[in-house]
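Asker: Below are the sequence and a predicted model; questions follow.
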Amino acid sequence: MFSAWHAADSGAEADRDGYSARVATKLINQDNVTSGLRAVTQALNPFVQRHMTKKYGKNWLPAFVQRHPRTRGDEEHLGDLGYLIWVLTKEEQAFSAVLTPHGRNLAHRVREARNLNSHDQLNDLDPEIARTALRQMSEFLKLIGATGQAGEVQQLTRQVRPADGAKPHVVKAARPATPSRSKNKHNRTRASRRPVIKISFGAVVALLLIGGAVAWLAFRPTKADPYEGKYKNIKIGARLNAASLEVPEDYHLNFLDEPVTPVQGKSGGDLNLIAGRLSVRSGHLAVLTRREKLTYTTCQANTRFTTTAPATKGLRFCVTTPNGLVAAGTVNSIRRQGANTYTKLTLTIWKGRV
């Protein structure tokens with residue numbers, strides 16, 4: 001009876017270990033594809049902006065939206081890979097060098113991978129499909145001249161795990177000459193005496209959750225304290241960034257994005273636009289009078305704090321973020337197109353005290 005219990009317990013443990021391995025494989029492969037899509041977005045954003053600006057001028061986006069309206073207006077922003085590819089494939093004159101039949105096919109394949117990933121379906125894909133998607137991303141990046149990112153994505157292709165959860169195949173260096181048989185026997189005897197370490201199912205799940213949290217922290221959009229990076233030696237009060245852009249409803253902005261680009265989501269940024277109102281989640285928002293100048297000194301000294309203000313034409317405001325950034329902005333215009341509303345802002349961002 002003890003043997004039967006022991007066998008049943010061993011079988012259950014094997015099932016749990018197999019399940020854990022499959023979950024780990026799916027998470028790792030999905031993280032690789034997500035990282036590849038992120039690299040494509042980061043490279044394609046400036047590529048599209050550069051070519052469209054060259055063809056139509058700096059304020060090309062509103063005219064493009066009018067020429068090519070979409071029913072899903074909530075995706076009309078340049079931080080979304082799907083919308084970037086929409087711009088790319090609709091503007092044949094601006095991207096004639098890239099939009100060969102092969103280039104157009106690659107763009108569609110990348111968009112398909114993005115759509116699957118955004119709907120959490122990549123976990124159900126065969127690893128070979130994930131590997132193919134990464135190869136197509138790498139080829140697409142080479143096509144738009146982003147050879148550095150193409151190499152990074154190619155590395156991700158090699159990290160895709162097979163369906164059985166085994167590690168990717170790696171060619172190892174040749175082994176040294178085989179020692180004598182007696183020495184091998186001695187080593188096998190010593191190895192057999194080593195304790196076998198087993199990891200429980202709960203521990204595996206905990207490690208996966210910790211790994212996912214670490215990956216999210218490593219790859220989330222950068223909004224960290226800038227003064228440990230390239231802004232470290234810039235003096236307090238110096239201008240760090242500026243922007244003039246249209247922001248759709250229920251989008252937010254991160255002041256240090258280059259360029260500053262609307263990001264889908266009602267909150268989470270340095271400045272949010274929700275239901276016709278500007279708001280901040282963790283910083284300070286202040287409305288300026290007509291007599292107050294839009295300067296670093298004015299915004300730094302203003303203490304008439306609020307958390308939200310109506311985004312009306314002519315509104316002048318200041319934002320101070322928890323990580324020390326100081327911004328001044330103006331609402332220049334409000335444009336409505338169908339069910340969508342676009343608020344045009346100008347912003348100046350300075351380095352403040354943390």
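Answerer: Now that the structure is in, tell me what you want to look at. Numbers count the residues shown, from 1 in each chain.
Asker: CA atoms for contacts and neighbours, from now on please.
Answerer: Noted.
Asker: For the stretch 151-300 of the chain, which segments count as strands?
Answerer: For the stretch 151-300 of the chain, applying DSSP state E, counting those that start in this stretch gives strands covering 239-248, 251-253, 263-264, 271-274, 277-279, 284-287.
Asker: Output the contacting helices and strands for the shortest one.
Answerer: Counting contacts by 3 or more Cα pairs under 8 Å, 6 or more residues apart in numbering; DSSP states H and E, strand 263-264 is packed against strand 251-253.
Asker: For the strand it packs on, give the mean pLDDT please.
Answerer: Strand 251-253 shows a mean pLDDT of 90.
Asker: same check, this time on stretch 268-288
Answerer: 90.
Asker: Let me have the strands of the stretch 151-300 of the chain in CSV, extended by mean neighbour count and distance to T89.
Answerer: Output for those, formatted as CSV (neighbours: other Cα atoms under 10 Å; distance: least, Cα to Cα, whole Å):
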stretch, mean neighbour count, distance to T89
strand 239-248, 20, 22
strand 251-253, 22, 24
strand 263-264, 23, 21
strand 271-274, 25, 29
strand 277-279, 20, 33
strand 284-287, 23, 39
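Asker: Can I get those strands in a markdown table including distance to Q159?
Answerer: Below are those laid out as a markdown table (distance: least, Cα to Cα, whole Å):
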| stretch | distance to Q159 |
| --- | --- |
| strand 239-248 | 37 |
| strand 251-253 | 33 |
| strand 263-264 | 29 |
| strand 271-274 | 37 |
| strand 277-279 | 42 |
| strand 284-287 | 44 |
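Asker: so which of these gets nearest A311?
Answerer: When these are compared by Cα to Cα, strand 277-279 sits nearest A311, at 4.9 Å.
Asker: now what about that closest one, what contacts it?
Answerer: L271, N272, L273, L285, T307, T308, A309, P310, A311 (Cα atoms under 8 Å, 6 or more residues apart in numbering).
Asker: Which single one of those residues is nearest to H68?
Answerer: L273 (23.8 Å).
Asker: From A97, how far out is that closest one?
Answerer: Distance, L273 to A97, by Cα to Cα, to the nearest Å: 37 Å.
Asker: cool, Q136 as well?
Answerer: Counting by Cα to Cα, the separation of Q136 from A97 is 18 Å.
Asker: Neighbour count: those two, which is higher?
Answerer: Remark: of Q136 and A97, Q136 carries more neighbours, 21 against 11, as counted by other Cα atoms under 10 Å.
Asker: ok, the more buried one - contacts?
Answerer: Contacts of Q136 (Cα under 8 Å, 6+ apart): L106, R109, V110.
Asker: Out of the strands of the stretch 151-300 of the chain, which is closest to T147?
Answerer: The closest of the strands of the stretch 151-300 of the chain to T147 is strand 263-264. By Cα to Cα, the value is 25.8 Å.
Asker: one step back: neighbour-wise, give me the winner out of the contacts of Q136.
Answerer: Once you tally neighbours by other Cα under 10 Å, V110 ends up highest among those, having 24 neighbours.
Asker: tell me the contacts of the closest residue to it other than its chain neighbours?
Answerer: Leaving aside its sequence neighbours, V110 sits nearest to M137 (Cα to Cα, 6 or more residues apart in numbering; 6.1 Å). Counting by Cα under 8 Å, 6+ apart, M137 touches G36, L37, V40, L106, V110, A150, V153.
Asker: List buried residues within those residues.
Answerer: Listed as buried from these are G36, L37, V40, L106, V110, A150, V153; burial here means 16 or more other Cα atoms under 10 Å.
Asker: which residues does T321 contact?
Answerer: D270, S282, G283, H284.
Asker: ok, now Y296?
Answerer: So Y296 contacts G237, V326, A327, A328, W350 (Cα under 8 Å, 6+ apart).
Asker: run the last query once more with 6 Å
Answerer: By Cα atoms under 6 Å, 6 or more residues apart in numbering, Y296 lies in contact with nothing.
Asker: and if you look at the one 5 residues further on?
Answerer: Residues counted as contacts of A301 (Cα under 6 Å, 6+ apart): none.
Asker: Which pLDDT value goes with it?
Answerer: So, for A301, pLDDT stands at 90.
Asker: same question, R22
Answerer: 56.
Asker: Am I right that A43 sits in a helix?
Answerer: Yes: the assignment for A43 is a helix, going by DSSP: H, G, I helix; E, B strand; the rest coil.
Asker: What's the local residue count around the nearest residue in space to it that is not next to it in sequence?
Answerer: Computed as Cα to Cα, 6+ apart, the closest residue to A43 that is not its neighbour in sequence is A146, at 6.4 Å. Residues within reach of A146, counting by other Cα under 10 Å, total 19.
Asker: for S333, same thing?
Answerer: Neighbours of S333 using other Cα under 10 Å come to 15.
Asker: how near is it to L278?
Answerer: Taken as Cα to Cα, the span from S333 to L278 is 14 Å.
Asker: re the thing from before, sitting in strands, which of the buried ones among the contacts of M137 do you find?
Answerer: Taking DSSP state E, every one of these sits outside strands.
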